[in-house]
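[1] Sequence plus predicted model, see below.
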Amino acid sequence: MIESIAQQPILAALIALVGLGILFGALLGYAAEKFKVEGDPIVEQIDELLPQTQCGQCGFPGCKPYAESIASGDAINKCPPGGQSTINAIASLLDVPAPELDAEHGEEADLKTVAYIREDECIGCTKCIQACPVDAILGAAKLMHTVIADECTGCDLCVEPCPVDCIDMLPVEEGLKQWHWPAPLKTADLIASDRAPHSDEGRAA
Amino acid sequence: MQEFAIILVSSILINNYVLVQFLGLCPFMGVSNKLESAIGMSAATTFVLTLTAMASYIVDVFVLMPLGLIYLRTIAFILVIAAVVQFTKMFIEKTSPLLYRVLGVFLPLITTNCAVLGVALQNASKDLNFMQSSLYGFGAGAGFSLVLIFFSAMRERLAAADIPAPFEGAAIAMITAGLMSLAFMGFSGLV
């Protein structure tokens, strides 16, 4: 059998290469099934770092769509609520340089705020309920609305639609639960490894 | 046993595929910017090299030789390498998505790493047995890992060092690689 094939070089070459191709194709097909990746894990990891305000200031409907966009190569500096700390965290996750926050999408707020509805002025129009990305506003048509402070992410999206301007963004009072030690002051670069990562790497192709 | 030790020493140090035979220089320069990605690349390449050495031995002895198709070695081995690399890519994407992202385009480019094809072809032309072939593959991978990790550790230091402007970046990297190569030439004649 093998001898008769080997006497016809072209046939032998065809059989050998096609056979190998089919064999490897089958192996890879099996491996593709076995090692199938559910979703894109990097998207989940980026999504966890984003502040989940769902505010849409990045130009995407929410944090998850922005995470997907980052995973496919979008800029990472479009999230004002997260601020520089979020940018740095994503940069170290993706192993890219950390840029400054893009001012086009808004500025980083100094204080965490929460929406507050002046309830005697509320006319019950439900417009703020529709605007809220995290369903943190309770109420029904022609009835007074109120904000669930624990759910509110402070995204400001409800302020604009209110026809009677009865929504205020109040700074969150710092209680025992929120207080934490201040971060240590940044000292001078003492040794070479103190330099910020990604600062002046010699990059070559 | 001694024979295996000699094969390892020979393929890791004396005939180092990168610094002595100058194969696989593309990932050597390309993925050596950071130590972490260099370690990931080393592991992936060693895995691919070992598997390729085994698979290409099997293909060579059980398919090509009986059919008298030794002249098709290059094409058949490239087929083997492409399949192994594709498998490695799937494996890494599943087990370590972060490493997968860091390695980026260099992972599928292991296919075109000439050290991989070089090991397969050299093994075939040396008439080794299965054990020796796989050991040569592993040794080549270990040698590649050794110099890639050394080199990237040095480049991390170089990034922080005060280098004259004309030598910054790729230039100092090339000079470093050349000096490393000189040092590895010193191993010749060890066994």
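    Looks like it came in fine.
[2] Is the longest helix anywhere in chain A positioned near chain B?
    Using DSSP state H, we find that the single longest helix of chain A is helix A:9-34. Yes: using CB under 8 Å from any CB of the partner chain, helix A:9-34 reaches chain B at A:9, A:12-13, A:15-17, A:19-21, A:24, A:27-28, A:31-32. The way it works is simple: take the backbone N, C-alpha and C, and place the C-beta from them, glycine included.
[3] Check the spacing between B:Leu23 and chain A real quick.
    B:Leu23 sits 18 Å away from chain A, going by CB to the nearest CB, to the nearest Å.
[4] so how far is the helix or strand bottoming out on mean pLDDT in chain B off the chain centroid?
    Using mean pLDDT, DSSP states H and E, helix B:97-103 stands out as the lowest-scoring helix or strand of chain B, at a mean of 76. Averaging C-alpha positions (CA atoms, centre = their mean, to the nearest Å) puts helix B:97-103 19 Å from its chain's average.
[5] ok, and the helix or strand in chain A with the lowest average confidence?
    In chain A, the helix or strand scored least confidently by mean pLDDT, DSSP H and E is helix A:2-6, which has a mean of 74.
[6] so what does that helix touch, helix or strand wise?
    Helix A:2-6 sits against helix A:9-34, with contacts defined as 3 or more CB pairs under 8 Å, 6 or more residues apart in numbering or on different chains; DSSP states H and E.
[7] helices or strands up against the helix it packs on?
    Short answer (3+ CB pairs under 8 Å, 6+ apart): helix A:9-34 packs on helix A:2-6, helix B:73-95.
[8] Would you format those as CSV with distance to B:Gly189 and mean neighbour count included?
    Converted to CSV, those look like this (distance: least, CB to CB, whole Å; neighbours: other CB atoms under 10 Å in any protein chain shown):
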stretch, distance to B:Gly189, mean neighbour count
helix A:2-6, 43, 12
helix B:73-95, 30, 19
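[9] Can you tell me which of those helices has the worst average pLDDT?
    With a mean of 74, helix A:2-6 has the lowest mean pLDDT of the helices and strands packed on helix A:9-34.
[10] Can you pull out the residues in contact with that one?
    Here helix A:2-6 makes contact (CB atoms under 8 Å, 6 or more residues apart in numbering or on different chains) with A:Leu11, A:Ala12, A:Ile15, B:Pro66, B:Leu67, B:Gly68.
[11] can you check stretch B:62-75 too?
    Stretch B:62-75 is contacted from outside by A:2, A:5-6, A:9, A:12-13, A:15-17, A:19-20, B:60, B:76, B:117, B:121, B:124, using CB under 8 Å, 6+ apart.
[12] Output the strand or helix carrying B:Leu117 as CSV, nothing but the C-alphas.
    Per DSSP states H and E: B:Leu117 is located in helix B:114-126. Only the C-alpha atoms of helix B:114-126 are listed here, as CSV (Å, rounded to 0.1, in the frame of the first residue of the first chain):
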residue,chain,number,x,y,z
CYS,B,114,12.7,31.2,12.5
ALA,B,115,14.1,29.5,15.6
VAL,B,116,11.0,27.2,15.6
LEU,B,117,11.4,26.1,12.0
GLY,B,118,15.2,26.0,12.5
VAL,B,119,15.0,23.5,15.4
ALA,B,120,12.6,21.3,13.4
LEU,B,121,14.8,21.3,10.3
GLN,B,122,18.1,20.8,12.2
ASN,B,123,16.6,18.0,14.2
ALA,B,124,15.5,16.3,11.0
SER,B,125,18.8,16.7,9.3
LYS,B,126,20.7,15.3,12.3
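[13] Buried residues of it, list them for me.
    For helix B:114-126, the neighbour count (16 or more other CB atoms under 10 Å in any protein chain shown) marks B:Ala115, B:Val116, B:Leu117, B:Gly118, B:Val119, B:Ala120, B:Leu121, B:Gln122, B:Asn123, B:Ala124 as buried.
[14] for the third one, what are its contacts?
    Think B:Leu117. The contact partners of B:Leu117, taken as CB under 8 Å, 6+ apart, are B:Thr74, B:Phe77, B:Ile78, B:Ile81.
[15] burial count for the closest residue to B:Asn16 other than its chain neighbours?
    Spatial nearest neighbour of B:Asn16, excluding adjacent residues (CB to CB, 6 or more residues apart in numbering or on different chains): B:Gly143 at 4.5 Å. B:Gly143: 29 surrounding residues under other CB atoms under 10 Å in any protein chain shown.
[16] likewise the one 3 residues further on?
    The local packing of B:Leu146 (other CB under 10 Å) involves 17 other residues.
[17] right, and it touches B:Ser11 too?
    No: B:Leu146 is not in contact with B:Ser11 according to CB atoms under 8 Å; the separation is 10.8 Å.
[18] Run the chain-centre distance for the longest helix that chain B contains.
    Taking DSSP H as the criterion, chain B has its longest helix at helix B:130-160. Here the centre of helix B:130-160 is set off from its chain's centre by 7 Å, with CA atoms, centre = their mean.
[19] And for stretch B:179-190, what's in contact with it?
    Residues from elsewhere that reach stretch B:179-190 (CB under 8 Å, 6+ apart): B:Val9, B:Leu13, B:Ile14, B:Asn16, B:Leu19, B:Val20, B:Phe22, B:Val147, B:Phe150, B:Phe151.
[20] who's in contact with the residue lying closest to B:Val147 once chain neighbours are set aside?
    Once flanking residues are discounted, B:Val147 sits nearest to B:Val18: 5.0 Å by CB to CB, 6+ apart. Contacts for B:Val18 (CB under 8 Å, 6+ apart) come out as B:Gly24, B:Leu25, B:Phe28, B:Ala115, B:Gly143, B:Phe144, B:Val147, B:Leu148.
[21] how about 10 Å then?
    By CB atoms under 10 Å, 6 or more residues apart in numbering or on different chains, the contact list for B:Val18 reads B:24-25, B:27-28, B:115, B:140, B:143-148, B:151, B:177, B:180-181, B:184.
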